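A.B. asks: make a model of this:
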Amino acid sequence: MTDSKYFTTTKKGEIFELKSELNSEKKEKKREAVKKVIASMTVGKDVSALFPDVVNCMQTDNLELKKLVYLYLMNYAKSQPDMAIMAVNTFVKDCEDPNPLIRALAVRTMGCIRVDKITEYLCEPLRKCLKDEDPYVRKTAAVCVAKLHDINASLVEDQGFLDQLKELLSDSNPMVVANAVAALSEINEASSSGVPLVEMNTQTINKLLTALNECTEWGQVFILDSISNYSPKDEREAQSICERITPRLAHANAAVVLSAVKVLMKLMEMMAPDADFVVNLSKKLAPPLVTLLSSEPEVQYVALRNINLIVQKRPDILKNEMKVFFVKYNDPIYVKLEKLDIMIRLANQSNIAQVLSELKEYATEVDVDFVRKAVRAIGRCAIKVEPSAERCVSTLLDLIQTKVNYVVQEAIVVIKDIFRKYPNRYESIISTLCENLDTLDEPEARGSMIWIIGEYAERIDNADELLESFLEGFQDESTQVQLQLLTAIVKLFLKRPADTQELVQQVLTLATQDSDNPDLRDRGFIYWRLLSTDPAAAREVVLADKPLISEETDLLEPSLLDELVCHIASLASVYHKPPSAFVEGRGLGSSRRALPTRSGSQDILESSPTHGERSGVIPTQESLIGDLLTMDLGGPPVASSVPAAPFASSGLDLLSGGLDGLLSDSPSVPPQQAAAAAAPSVGLLGDIFGLAPSASASYIAPKQMWLPAARGKGLEITGTFSRRNGQIQMEMTMTNRAMQPMMQFAVQLNKNSFGLVPAAPLHVVSPLAPNQSYEAVLLLNPTGPVQRMEPLTNLQVAIKNNIDVFYFAVVMPMNIFFAEDGQMDKRVFLSTWKDIPAANEVQYTINNVNLSADAVSSKMQQNNVFTIAKRNVEGQDMLYQSLKLVNGIWILSELKMQPGNPTLILAVKTRAPDVSTGVNTAFDAILHS
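C.D. replies: Numbers count the residues shown, from 1 in each chain. Here you go, the predicted model:
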C-alpha cells in the first residue's frame, strides 16, 4: 500500500494519539507516527505541539526516519526557536556520522533552519563538513555557506567560511567546484559592496573550464555564468576560452546552451568583427539556437526572446535561418508574435520576397492580434528594405480591398509611415484610402488618416469636406485625433486659405475655448498667434520638410542592449529590462555589467584635440591623482558657439508676437548662450523656454564656519565657494571679534588636486574695525601646481593679518569645477560611454527628489551638467548627461527616475573614478537645492 493512506485520516483527538505513538518503543510504530505528522503538516494542519516528541525521534540510525524528522524541523524551527536548540547536539553528532548521506543531510538541514539563536552553534560542524573526505558532503556544505550568509553575513565572514569556499574552487571533484561557484555567486549578488569575492584570473578560469566537462548540467550553468564575468587579458586568451566552451553548444539542456552563447557573445566583442575565428564561431552559434526552437512552446519563447537580443547585436549569426522563424499553425500567440518580430529584424533584399508572401498569409489568419502585427510587419519591411517598398504597398492595398475592418485600419497606420519614409512616391493610392474613411473607429487609424489628408490636402479635392466630417464629433474624439485634426486643418488653411478660413476658425475655437486639455489648448494658441501675426512664418514652421523616419524604430538602446547581452539566459533577457528594473531588495553591486572592449580599439577621447595647454604638474609618480589628471585631459570637440543677439524685450509674451524671434531665420542659439543673453527679469515663460539667467540659478552651498574667532585670535571667517560667469570664487565673510583693528590681510593656498591659485590679491577693507564684518570675494584660477589631496577637493588655506598667520582646511563642492563647455555631441557621448571600462561605472542612489525629468534636466544644465539625450524605457525616464571638469576630465552620467518615485539612480562613468563620489555629492546637493 502507498503512503497516500496518511493523507486520508480525519480523526478527532489525533494529536494526542500521535504523541503517544511518537514516544512508542517500537521503531516501526514511531516511523508510522512521524509519517502521519508530516502528512498532516503537508495538508496545512498545525502539528507544532508535537515538536519535542518529533525531535526526540532524531536519535535513530534509520535514514528515512531521520529525513522526515529533519523535514519537520525545517518547517517549525522558526516558530519554535527555543525548542530547536534541542536539535543542535544531534546535528553536531550527525555531522560526524560514518554515513556520508547522513552527514550531508545534517549539513543541508542546518542551512535551511533560519534561526539566529542556533546559527553560531552550527559553525563548527559546517567547518568540518567543508573539509570532509566525501565530495557529496563537501558540495552540500558549499551550498550551506550561501544559505548561512543569507541569515548572518557577518558570521560567515568572521568564521572564514568565504576563504574555505574559495579553496573549494580547486577541489578535485567537479560537482564540488560547481557548488562552490554557485555559492560564491549567490553571496556576491547579495553583497551590497559590489566587490567580487573571487578575483578571477587565468589560473581560476582554467580550473573552472576543467570542471565544466564533468559536472552536472546545472553545475555547468553556474560555471558558465561565472566565466561570463571574466575579462580575458587579450584576444588570444579569449579565443582559447571560446574553443573550450564551444562543445557546450551541443548540450541537451537549453539553459546550458544559452549560458554558453552568453559567454561566447561577450568574448566575441574582444575580437575583430571580420576575423576568421569570429566568422567560424558565428556559424557554430546558429545550429544550437535553431535547435532550441524545436522544444516545447515555453522554452521556444525564452529562446526567441534571447535570439531577439542576439539578432540585434549580431544579425549575421542567423541571416540564413529565416525559414525556422516562419510561424506554424499550432504555435501559441506569444511564440507567433515573437517570431514575427525576429523575421522583420532578419529581413533583407535577398529574402524579402519570401518574407512578404508569408506575411500576406498571416494577414488572413483568424487571430486578430497576430493579423494586426503581420500588417504592421509589412509596413516595417517597406521602410527597412527600400527595393521592396512598392511590393509592400501593393500587398497593403490588396489587404485593404478585403474590407476587414481591423486589417484596413492597421494598413492605413503603416501606409502613413511609408509616406513619411518615401515622400512623393506612392501618393496615388490616397483616393483608395479615402474610400475607407467611414470604417475607421480606432484613434490611431483615424489620426493616421487625418495626417494623410492634411499632409496631401493639395492633392485631395474634397479635403475640406473630409476634415469637416471629423470636426463634427471633435469633442468625442481622443486627444491623439484632436491634435492631428487641429494640425491637419491648419495645414489645409495654409495651402488653400481662400475657402477654409471658416473651418480653421472653428477648429481653433474648439481647441482653445471649448477644450480643457492643456496640450491641445497650447497648440491651438500657438497656431492662432502664428497665423494672426506672420502667416509666412507659420507656413515655414507647419509645412516644413519632415525628417525621414528611421528604418528600425524599436531597437533597444545600444547601452541597454549590451547590458542585456551580458544577462542572456536570465529573466532580464526575457523581460528585455536590466535586473535593477525588476529586482528589489538585493544588492546588485555598484556597477552594472557591460560588454568588454577590444584591446586594440582606439579611445575616441585620446585622439580628440585637447582644450588648453595646461597638463597638471604631478609631484609624485605614485600619487593616484597623477592618473586622474593625465588620463583624460582632452575632450571631444565642442561645437563652435554662435554669438547670441540680445532680446528686444525683457520678457517673452506668448500671445503678442513674442514667438517671432524663435521662428525667424536667424541662427539657433545654444541654451546656455540664450540664458546668458536674456535679461534678468525673463519671468515664468522665460523659465519654460530655457531663457532664465543661469549665473544666479547655479547651486551655491550655504556658508560654513571656516575659522572660529577662538582659533583666529578674534578673526572669524565663514565662507563658501561658487562659480559665476565661468570663474571660481571663494566668498568669505570676515568678522573682527577682537578689541583691536585688523589690517594687512593676505592669503595663500597650498598645492591642491585642481591647481587652484588666487587670480588676484585678497582685498579686505583696512583697517577692519572691532565688531565689523566684510564680504570678501577671492577669484581663483585652476592654473597652479597640482598635488593630490585627501579628500580630493580638500583645500588648505593660510590667512595673514597684522596679528598672526592662521591656517585652516576646507572641502570645496565638486560643482564649482564643472566647466561651461561640457556638452558632448550625441555620437561622441555614445562612443565614449562604450569605450570607458565597465569597472569604472559606479551607481549611487539619490533619495527624496520630487522633480520631473525636465525639471531635473533644467536644474542640472544651470550647473553645467548637460543633458545629451532623454529616453523613456518601460515607464522610466533616463537622462544621459555629460560634464567636464576644469582640468579636462570628462564625466558621463545616467540618471534613472520613475515618475512619482522620489528615488533616483545615478550611474557615473569616467576614466578617473576617483572623482565619482564627489560628482554624486554635487548632484545630490544640486537636486536638493
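A.B. asks: who are the packing partners of the helix or strand where Ile453 lies?
C.D. replies: For Ile453, the host element (DSSP states H and E) is helix 443-455. For helix 443-455, the helices and strands in contact under the criterion 3 or more CB pairs under 8 Å, 6 or more residues apart in numbering; DSSP states H and E are helix 405-421, helix 430-434, helix 463-471, helix 479-495. C-beta coordinates here come from the backbone N, C-alpha and C atoms, glycine included.
A.B. asks: which positions in that helix come out as buried?
C.D. replies: Neighbour-count burial for helix 443-455, with 16 or more other CB atoms under 10 Å as criterion, is recorded at Glu444, Ala445, Arg446, Gly447, Ser448, Met449, Ile450, Trp451, Ile452, Ile453, Gly454, Glu455.
A.B. asks: surely the third one touches Asp438?
C.D. replies: Yep, that's Arg446 we're talking about. No: because the distance of 11.0 Å does not satisfy CB atoms under 8 Å, Arg446 is recorded as not touching Asp438.
A.B. asks: hang on, the earlier thing: among the helices and strands packed on helix 443-455, which is nearest Arg372?
C.D. replies: Between Arg372 and the helices and strands packed on helix 443-455, the tightest spacing by CB to CB is seen for helix 405-421, at 5.0 Å.
A.B. asks: who's in contact with that closest one?
C.D. replies: Around helix 405-421, the neighbours that count as contacts under CB atoms under 8 Å, 6 or more residues apart in numbering are 363, 368, 371-372, 375-376, 378-380, 382-383, 389, 392-393, 396, 399-400, 402, 426-427, 429, 433, 436, 439-442, 444-445, 448-449, 451-452, 455-456, 546, 548-549.
A.B. asks: not counting residues beside it along the chain, what's closest to the residue nearest the centre of the chain?
C.D. replies: Centrality entry for the chain: nearest residue to the mean C-alpha point is Pro578, 5.8 Å, by CA atoms, centre = their mean. Distances taken as CB to CB, 6 or more residues apart in numbering place Glu563 nearest to Pro578, at 5.4 Å, with adjacent residues excluded.
A.B. asks: give me the neighbour count for that neighbour.
C.D. replies: Neighbour count of Glu563, defined by other CB atoms under 10 Å: 21.
A.B. asks: how about it, secondary structure?
C.D. replies: For Glu563, the assignment made with DSSP: H, G, I helix; E, B strand; the rest coil gives helix.
A.B. asks: make TSV out of the helices and strands packed on helix 443-455 and add mean neighbour count, mean pLDDT and distance to Asn89.
C.D. replies: TSV is the format used below for the helices and strands packed on helix 443-455 (neighbours: other CB atoms under 10 Å; pLDDT from 0 to 100; distance: least, CB to CB, whole Å):
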stretch	mean neighbour count	mean pLDDT	distance to Asn89
helix 405-421	21	88	72
helix 430-434	16	83	84
helix 463-471	18	85	84
helix 479-495	23	90	72
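A.B. asks: adding distance to Ala255, write those out as CSV.
C.D. replies: Supplementary listing: these in CSV, determined by distance: least, CB to CB, whole Å:
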stretch, distance to Ala255
helix 405-421, 37
helix 430-434, 49
helix 463-471, 54
helix 479-495, 43
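A.B. asks: Leu762: which of those is closest?
C.D. replies: helix 479-495 (59.8 Å).
A.B. asks: ok, back up a step: I figured the residue nearest to the centre of the chain hits Leu571, correct?
C.D. replies: No: Pro578 is not in contact with Leu571 according to CB under 8 Å; the separation is 10.7 Å.
A.B. asks: spatially nearest residue to Gln354 (excluding sequence neighbours)?
C.D. replies: The shortest distance from Gln354 to any non-neighbouring residue, by CB to CB, 6+ apart, is to Met322 (6.6 Å).
A.B. asks: do the same with Ile489
C.D. replies: Per CB to CB, 6+ apart, closest to Ile489 is Val507, 4.6 Å.
A.B. asks: what of Tyr527?
C.D. replies: Using CB to CB, 6+ apart and skipping residues adjacent in sequence, the residue nearest Tyr527 is Val490, 5.1 Å away.
A.B. asks: how close does Ala922 get to Phe866?
C.D. replies: The span separating Ala922 from Phe866 equals 14 Å under the rule CB to CB, to the nearest Å.
A.B. asks: do the same with Pro558
C.D. replies: Following CB to CB, the distance that separates Pro558 from Phe866 is 20 Å.
A.B. asks: who has more neighbours, those two?
C.D. replies: Neighbour comparison, Pro558 and Phe866: the larger count goes to Phe866, with 23 against 14 (by other CB under 10 Å).
A.B. asks: pLDDT below threshold where in the stretch 551-700 of the chain?
C.D. replies: Residue ranges of the stretch 551-700 of the chain with pLDDT under 70: 551-554, 584-592, 594, 597-697.
A.B. asks: mind jotting down where the helices sit in the stretch 701-850 of the chain?
C.D. replies: Residue ranges of the helices in the stretch 701-850 of the chain, as given by DSSP state H, counting those that start in this stretch, are 826-835.
A.B. asks: just to revisit the earlier point, show me which of the contacts of helix 405-421 are buried.
C.D. replies: The neighbour-count criterion (16+ other CB under 10 Å) marks 363, 371-372, 375-376, 378-380, 382-383, 389, 392-393, 396, 399-400, 426, 429, 433, 436, 440, 442, 444-445, 448-449, 451-452, 455-456 among the contacts of helix 405-421 as buried.
A.B. asks: next, Arg459: phi, psi?
C.D. replies: With angles defined as degrees, to the nearest 10, Arg459 sits at phi -100, psi -10.
A.B. asks: my guess is it contacts Glu427, does it?
C.D. replies: Yes: the pair Arg459 / Glu427 is scored as a contact, 6.1 Å apart, by CB under 8 Å.
A.B. asks: check Lys339 and give its pLDDT.
C.D. replies: Listed pLDDT for Lys339 reads 92.
A.B. asks: no wait, Gly44
C.D. replies: The predicted structure scores Gly44 at 78 on the pLDDT scale.
A.B. asks: from Asn75, how far out is it?
C.D. replies: For Gly44, the distance to Asn75 equals 11 Å [CB to CB].
A.B. asks: looking at these two, which is more packed in?
C.D. replies: The residue with the greater number of neighbours, taking Gly44 and Asn75 and applying other CB under 10 Å, is Asn75; the counts read 16 against 6.
A.B. asks: which secondary structure element is home to that one?
C.D. replies: Secondary structure from DSSP H and E places Asn75 in helix 63-76.
A.B. asks: so which bits of that helix are buried?
C.D. replies: Taking 16+ other CB under 10 Å as the basis for neighbour counts, the residues of helix 63-76 that come out buried are Leu65, Lys66, Lys67, Leu68, Val69, Tyr70, Leu71, Tyr72, Leu73, Met74, Asn75, Tyr76.
A.B. asks: again with stretch 138-153
C.D. replies: For stretch 138-153, the neighbour count (16+ other CB under 10 Å) marks 138-149, 152 as buried.
A.B. asks: Ala183: which of the residues you listed is nearest?
C.D. replies: The shortest approach to Ala183 among the buried residues of stretch 138-153 belongs to Ala146, at 3.9 Å (CB to CB).
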